[in-house]
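S.K.: Let me see the structure of the following:
(2 chains)
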Number of protein chains: 2
Amino acid sequence: MKTSTIVALALAGAAAMLSVGSVHQTATAQMTDWGPKWTSDGKLQLPTGYREWIYLGSPLTPNALNDGKAGFPEYHNVYIQPQAYKIYKQSGTFPEGTIMLKELQLVMESEEADGSRTEVSGRGYFPGAYNGIDIAVKDSKRFAASNNWGYFNFGHHAPPYAETAAAAPTENCAQCHIDNATKDMVFTRFYGPLNN
Amino acid sequence: MKTSTIVALALAGAAAMLSVGSVHQTATAQMTDWGPKWTSDGKLQLPTGYREWIYLGSPLTPNALNDGKAGFPEYHNVYIQPQAYKIYKQSGTFPEGTIMLKELQLVMESEEADGSRTEVSGRGYFPGAYNGIDIAVKDSKRFAASNNWGYFNFGHHAPPYAETAAAAPTENCAQCHIDNATKDMVFTRFYGPLNN
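M.R.: As a prediction, this is how the structure comes out:
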């Protein structure tokens, strides 16, 4: 065997080991990267990239059908963090660290008393300006007192939203989920991908 | 150098080459994997995994507001294939092979003449049964005659949907996009992530 061949093999071997090393590092990073990020004083940081998460469904409560001011105006576009979704689809259980995110979106300007308008596809409701973010996080240590979930309001208004939010009092959000949600504090009945 | 060391290096080298080979293969596969799949007679195959694509928005045309039968009943949940989305966000242009997919979804049973119902979050519309799929594909060779986009109807009914679909005649779909769409045959005005 020529020296040059041995050197080439040695370099290739080193490359192979580096490659294995980087795969391990990536796997470790992914295990911790997808969960919620907290400030030192326990506030939740607004996640980034959530519009590329898994979409679950859009309940719609138009202001015009709710005495001019819906509790959540108006589209509720609900997403789940992708790694949590993957685990849920495999196990049927929301894992620790699950983030559910609801982005509100106003309907386009209305021409009717019911808030609807007519576009070429028909009469109805059409997504307009983004209008706020609410988040739910599953964490059985932080939120044991409210069925293991904490709830956060990043503002119900146009972006930019708050960058951090403290957990809302149980009576503001969690209690309604305790009383009305379908499965483990989540309104899964509205979210086809969680049922199919 | 001992023979055992040389053998170990040779194995490592081979592993490294296999590794490089598989990376190349993966990269090549990804370049062709994200686009549309066609049957030998030119029909489009229904993509898989589309509920994990990038969500764009949900125009909603309730049957109750459209003489009992909307053209697209009722939620129009619109997704774009993720690699096409990434290129669009970088370039502002829909690349060749872009797939836009609209899954229809009925609203939950209504209690009102306008098709709405009341849930704990208020009065409005809530996503119910899935109800059909329409797809648009950008392909300037196949669909030069209709502004480079082809349109496909996989059924407006509960799943299972058709597995393949032939391109619809221009007057059925493309003409409406030619006449009314916002940008390159897409109704981008309804789809926040394409504008933000």
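S.K.: How about A:Gln105: what's its closest non-neighbour residue?
M.R.: What sits nearest to A:Gln105 in space, not counting adjacent residues and going by Cβ to Cβ, 6 or more residues apart in numbering or on different chains, is A:Tyr75, at 4.0 Å. No exception for glycine: its C-beta is placed from N, CA and C like everyone else's.
S.K.: ok, A:Leu60 - contacts?
M.R.: A:74-76, A:107, A:125, B:58, B:60, B:124-126 (Cβ atoms under 8 Å, 6 or more residues apart in numbering or on different chains).
S.K.: can you rerun that using 7 Å?
M.R.: A:Leu60 makes contact with A:74-75, A:125, B:60, B:124-125, according to Cβ atoms under 7 Å, 6 or more residues apart in numbering or on different chains.
S.K.: Just send the residues you listed back as a markdown table, with distance to B:Pro82, pLDDT and secondary structure too.
M.R.: Compiled in a markdown table, the contacts of A:Leu60 are given as follows (distance: Cβ to Cβ, whole Å; pLDDT from 0 to 100; DSSP: H, G, I helix; E, B strand; the rest coil):
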| residue | distance to B:Pro82 | pLDDT | secondary structure |
| --- | --- | --- | --- |
| A:Glu74 | 27 | 98 | coil |
| A:Tyr75 | 22 | 98 | strand |
| A:Tyr125 | 26 | 98 | strand |
| B:Leu60 | 24 | 98 | strand |
| B:Gly124 | 30 | 98 | strand |
| B:Tyr125 | 27 | 98 | strand |
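S.K.: pretty sure A:Leu56 contacts A:Pro82?
M.R.: No: look at A:Leu56 against A:Pro82 with Cβ atoms under 7 Å: they stay out of range, at 11.7 Å.
S.K.: out of these two, which sits in the busier spot?
M.R.: A direct count of neighbours by other Cβ atoms under 10 Å in any protein chain shown for A:Leu56 and A:Pro82 places A:Leu56 higher, at 26 against 14.
S.K.: just checking, next helix/strand downstream of whichever strand in chain A runs longest?
M.R.: Looking across chain A with DSSP state E, the single longest strand is strand A:127-138. Note on strand A:127-138: by DSSP states H and E, the next helix or strand toward the C-terminus is strand A:149-153.
S.K.: between that next one and strand A:127-138, how big is the angle?
M.R.: Angle of strand A:149-153 versus strand A:127-138, following axes from the mean of the first three to the mean of the last three Cα atoms, to 10 degrees, is 150 degrees.
S.K.: coming back round to it: what's the ChimeraX syntax to select whichever of the contacts of A:Leu60 are buried?
M.R.: The command below creates a ChimeraX selection of those among the contacts of A:Leu60 that count as buried (16 or more other Cβ atoms under 10 Å in any protein chain shown):
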select /A:74,75,125 /B:60,124,125
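S.K.: for the contacts of A:Leu60, which one is nearest A:Arg142?
M.R.: Nearest to A:Arg142, judged by Cβ to Cβ, of the contacts of A:Leu60 is A:Tyr75 at 29.1 Å.
S.K.: Go ahead and confirm that closest one touches A:Met108.
M.R.: No: under the criterion of Cβ under 7 Å, A:Tyr75 makes no contact with A:Met108, lying 10.7 Å away.
S.K.: Tell me which helix or strand in chain A has the weakest average pLDDT.
M.R.: helix A:3-33 (a mean of 46; mean pLDDT, DSSP states H and E).
S.K.: tell me the domain boundaries of chain A?
M.R.: Following automatic domain parsing, one finds the domains of chain A at A:1-34, A:36-194.
S.K.: Before we move on, what's the pLDDT of the residue nearest to A:Ala181 when sequence neighbours are not counted?
M.R.: Closest residue in space to A:Ala181, ignoring its immediate chain neighbours: A:Phe187 at 5.2 Å, by Cβ to Cβ, 6+ apart. Looking at A:Phe187, its pLDDT stands at 98.
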